[in-house]
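Chemist: have a look; sequence and predicted model below, questions after that.
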Amino acid sequence: MRLHGVVGFALLIVVSITHTVAASLLRNGLHPASETEGRFLTTSVANTRLNGDDAERAGLSVPVVEKIKTFFSSSKVTPAQLGNWLKEGKSADTVFTRLRLNKADDMLLYYGDFVDWLKYVDDLSAKNPGKKMSAISTLTKQYGDGDLYSIIQAAMNVPRTKSIATRLQTEQIQHWVTAGKTPDDVFHFMKLEKVERNFLSDPAFTVWAKYVDDFNAKYPEKSASMVPVLTKYHINEVTLFEIVQAAKSMKGTKAIATKLEDQLVKFWLNRRKSPDDALEDLGLSYALDSLLDNPLFNSWAKYPNAYSTKHPEEKATVIETLTRRFSDDKGARVLAVAKTSVETRNLATKLESAQLEMWQKSGKSVDDVMLLLKLRPNADFTNNLLLRTWVSYMNMYIKENHLRAPEMLPKLETRFDQRTMNQILLAATQFSSMKSTALAIQTEKIKGYLASNQSPEKVFKLLALDNVGKNLLGDHVFQMWRKYVNDFNKRNPRQRESWFTPMRMTYNPAPLDQMISVAMESPSTVNIAKLVVKERSKYWLDRKKAPWQIFRDLELNGAGEKIFASPNFKIWANYLNKSNQRYRKEKTTMIDGLRASYNDISLMGILAAAKKEPKTKKLATDLENALVNKWVAEKEPLAVLQKRFDHVPSSGELLKRYVAKLDALAAKGA
């Protein structure tokens with residue numbers, strides 16, 4: 001009986017102690033396994049919790065007895081003790097608490113015991129392969145998904161914790177996939193709703209995008225898109241497209257931007273948004289003049305084809321959609337204008353081909369297309385870009401219907417006046433199917449002009465040569481017209497006309513200069529180009545044009561350091577020599593001509609650069625000497641020149657020459 005009494009007394013003491021300790025634990029924030037614990041967070045983490053992250057915390061599952069032991073045991077845990085716990089199979093939650101890591105708040109990854117705990121979890125998983133343990137599971141119960149992610153991200157930026165943080169980030173993402181967390185949930189956990197407009201360059205966004213891929217691979221029946229999440233938290237679809245287009249041009253964000261663009265297209269397809277509505281939503285239906293320049297057009301242009309594939313019963317093409325919105329003639333004009341720009345030429349050319357094909361498949365005749373393009377028989381087609389579109393359709397029509405140009409072109413003569421018909425023929429010479437016929441008709445026309453003794457200047461306009469542009473010197477009709485000038489002058493020796501005059505009056509000065517440059521590049525036109533240069537110089541000389549004026553007409557005043565490499569500099573230098581020979585009393589030196597457009601500081605930089613090139617070194621040195629001589633003649637004080645040119649690298653050498661010149665003059669005077 002005495003033994004039972006002793007045992008009963010002992011049990012009473014244990015119960016009493018347990019009750020007292022439990023009360024103490026409750027007062028200090030430690031709870032039984034059924035309640036949440038470990039909420040020792042910093043102010044920032046606490047604030048996050050108040051915003052809704054409480055629901056993420058399930059609380060650590062730790063028996064009360066283990067909590068009591070933690071309360072009474074030392075905070076220092078030895079490797080031997082960890083080994084014993086491993087043999088006993090203590091849970092990751094329990095050891096986390098015994099190591100007092102539940103009090104680490106957001107500094108968790110900086111604790112040395114945390115590394116020991118991670119190893120313990122790995123060892124415990126290895127010991128119980130059937131019950132694979134996860135450190136992330138414990139950490140999520142302690143901190144919640146969002147706060148834990150923030151703690152890991154902060155540690156990623158610290159060298160000594162980066163490795164552990166990287167591992168935990170990978171495990172956390174895998175944990176989310178396994179738990180079936182939606183991309184929307186994870187977007188919130190990662191606090192991406194606060195990211196600015198440049199979110200595609202944010203590494204966190206790349207991680208989230210990868211999570212969406214992993215989620216879709218794991219749950220194909222719940223396949224998710226980034227778009228609904230982004231539009232829910234972030235920005236509208238149009239702004240997303242704008243961001244995507246900008247990001248596609250940058251190497252670092254091209255891949256993710258392309259992926260997002262594809263998902264945007266799929267998002268619209270699934271909602272059955274028509275190409276017409278997409279055009280409207282992107283604001284492209286109101287930007288006709290700059291349509292193809294708009295970065296959003298590139299995104300939209302992929303959509304009609306994708307829509308037709310997804311919904312074959314509602315087949316649509318880019319050109320059909322544009323035609324419905326803008327009409328045939330306006331759509332054609334947009335494409336014609338876009339073809340004149342290097343940036344949009346390729347796309348515009350493809351769309352124009354699609355437009356011609358659309359007309360051909362719908363059975364449109366040449367006359368039908370002329371009406372669609374609003375080309376009137378009595379109109380002058382000068383600068384009308386749609387003439388080329390119409391003639392392009394003629395070319396297609398002839399080929400598709402196995403016709404011959406002689407069956408079509410001559411019939412047009414009765415419907416158009418001389419100049420308008422020649423404009424059509426001139427455009428037709430650019431197509432092999434019509435070239436020979438067009439030239440034959442023009443040859444007959446020129447014979448008629450000669451028979452009626454029409455002046456070369458008038459015939460130049462009748463043949464529409466005043467609208468050819470930079471390729472005039474290589475044009476077949478231009479060559480025919482030059483022969484016409486010779487024939488006219490032979491028949492009218494007292495009324496001779498210059499073939500250069502109509503060109504100069506129509507294309508002077510910049511277009512003529514461009515025309516010469518183009519012709520100089522081709523062996524077949526280089527001779528006529530040189531002849532034009534000669535005639536132009538003769539015209540300048542006859543009118544006593546000052547060299548400095550010609551310098552600017554040739555746009556050499558903006559050439560800078562490239563001036564001596566410009567073909568126009570040689571033309572100007574040649575004119576300078578001829579002008580000095582003819583007008584000796586008004587002689588101009590080369591340095592005078594240069595100084596008329598460049599100040600001495602700019603000129604010194606130009607000459608210094610030219611001295612580095614073997615081909616221009618001697619010329620540059622001679623011009624430097626000429627510049628020094630100018631300073632001497634102008635009696636510039638040395639101190640003034642030193643102050644003026646103190647920041648010019650090449651000034652030291654030139655000022656030495658200047659001093660030497662002054663010394664030489666002083667010696668002669670003595």
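Modeler: Looks like it came in fine.

Chemist: how far away is the residue most central in space within the chain from E343?
Modeler: Centroid-nearest residue in the chain, with Cα atoms, centre = their mean: S249, separated by 4.0 Å. Distance, S249 to E343, by Cβ to Cβ, to the nearest Å: 12 Å. From N, CA and C alone the C-beta is placed, and that goes for glycine too.

Chemist: sorry, back to before: and the residue nearest to the centre of the chain, what's its pLDDT?
Modeler: Looking at S249, its pLDDT reads 85.

Chemist: tell me which stretches of the stretch 401-550 of the chain form helices.
Modeler: For the stretch 401-550 of the chain, helices defined by DSSP state H, counting those that start in this stretch occupy the ranges 409-412, 418-428, 435-451, 456-462, 476-491, 500-507, 510-520, 526-542, 547-553.

Chemist: what's the second one packed up against?
Modeler: It stands for helix 418-428. Packing contacts for helix 418-428, counted by 3 or more Cβ pairs under 8 Å, 6 or more residues apart in numbering; DSSP states H and E, involve helix 386-400, helix 409-412, helix 435-451, helix 456-462.

Chemist: go again with 10 Å.
Modeler: Applying 3 or more Cβ pairs under 10 Å, 6 or more residues apart in numbering; DSSP states H and E, we find helix 418-428 packed against helix 386-400, helix 409-412, helix 435-451, helix 456-462, helix 476-491.

Chemist: one more: the shortest one?
Modeler: In terms of contacts (3+ Cβ pairs under 10 Å, 6+ apart), helix 409-412 is packed against helix 366-372, helix 386-400, helix 418-428, helix 435-451.

Chemist: output the below-cut-off pLDDT ranges for the stretch 201-350 of the chain.
Modeler: Scanning the stretch 201-350 of the chain for pLDDT under 70 picks out the ranges 234.

Chemist: and the helices in it?
Modeler: Using DSSP H, counting those that start in this stretch, helices in the stretch 201-350 of the chain cover 203-218, 226-233, 237-248, 254-270, 275-281, 295-301, 303-310, 318-326, 328-338, 345-361.

Chemist: tabulate those helices (TSV), appending distance to K656 and mean neighbour count.
Modeler: Formatted as TSV, the helices of the stretch 201-350 of the chain follow (distance: least, Cβ to Cβ, whole Å; neighbours: other Cβ atoms under 10 Å):
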stretch	distance to K656	mean neighbour count
helix 203-218	58	16
helix 226-233	67	17
helix 237-248	54	19
helix 254-270	55	17
helix 275-281	69	19
helix 295-301	56	18
helix 303-310	69	17
helix 318-326	68	20
helix 328-338	57	21
helix 345-361	54	17
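
Chemist: TSV for these, including distance to Q479?
Modeler: Shown next, in TSV, are the helices of the stretch 201-350 of the chain (distance: least, Cβ to Cβ, whole Å):
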stretch	distance to Q479
helix 203-218	62
helix 226-233	60
helix 237-248	47
helix 254-270	49
helix 275-281	47
helix 295-301	41
helix 303-310	45
helix 318-326	38
helix 328-338	27
helix 345-361	28
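
Chemist: how about those, which one is nearest L387?
Modeler: Evaluated over the helices of the stretch 201-350 of the chain, closeness to L387 peaks at helix 328-338, with 9.2 Å, by Cβ to Cβ.

Chemist: returning to what we had before: so which of the helices and strands packed on helix 409-412 is the most surrounded?
Modeler: Of all the helices and strands packed on helix 409-412, helix 418-428 carries the top mean neighbour count, a mean of 22, counting by mean count of other Cβ atoms under 10 Å.

Chemist: where does this structure dip in pLDDT?
Modeler: 1-58, 61-75, 195, 234, 670.

Chemist: still on that earlier bit, export the helices and strands packed on helix 418-428 to JSON lines and append columns for distance to A316.
Modeler: Shown next, in JSON lines, are the helices and strands packed on helix 418-428 (distance: least, Cβ to Cβ, whole Å):
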{"stretch": "helix 386-400", "distance to A316": "22"}
{"stretch": "helix 409-412", "distance to A316": "35"}
{"stretch": "helix 435-451", "distance to A316": "37"}
{"stretch": "helix 456-462", "distance to A316": "45"}
{"stretch": "helix 476-491", "distance to A316": "42"}
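
Chemist: out of those helices, nearest to K76?
Modeler: Of all the helices and strands packed on helix 418-428, helix 386-400 sits nearest to K76, with 86.9 Å by Cβ to Cβ.

Chemist: roughly how far apart are the closest residue in space to Y449 that isn't next to it in sequence and N508?
Modeler: Leaving aside its sequence neighbours, Y449 sits nearest to V459 (Cβ to Cβ, 6 or more residues apart in numbering; 5.0 Å). Between V459 and N508 the distance is 19 Å, computed by Cβ to Cβ.

Chemist: out of those two, which sits in the more crowded spot?
Modeler: Counted by other Cβ atoms under 10 Å, V459 and N508 do not tie: V459 has more neighbours, with 22 against 13.

Chemist: how close does the more buried one get to P502?
Modeler: Noted for V459: a distance of 9 Å to P502, by Cβ to Cβ.

Chemist: any common contacting residues for the two?
Modeler: Residues touching both V459 and P502 (Cβ atoms under 10 Å, 6 or more residues apart in numbering) are L465, W481, V485.

Chemist: format those residues as TSV; extra columns: neighbour count and distance to P159.
Modeler: Listed next are the shared contacts of V459 and P502 as TSV, based on neighbours: other Cβ atoms under 10 Å; distance: Cβ to Cβ, whole Å:
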residue	neighbour count	distance to P159
L465	21	74
W481	22	78
V485	21	82
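
Chemist: so what's P406 up against?
Modeler: Counted by Cβ under 10 Å, 6+ apart, P406 has contacts M434, S436, T437, A440, I441.

Chemist: can you pull the contacts of the nearest residue to the second one once chain neighbours are set aside?
Modeler: This points to S436. Distances taken as Cβ to Cβ, 6+ apart put A405 closest to S436, at 7.5 Å, once the chain neighbours are dropped. Contact partners of A405, counting by Cβ under 10 Å, 6+ apart, are 394-395, 398, 428, 431-438, 440-441.
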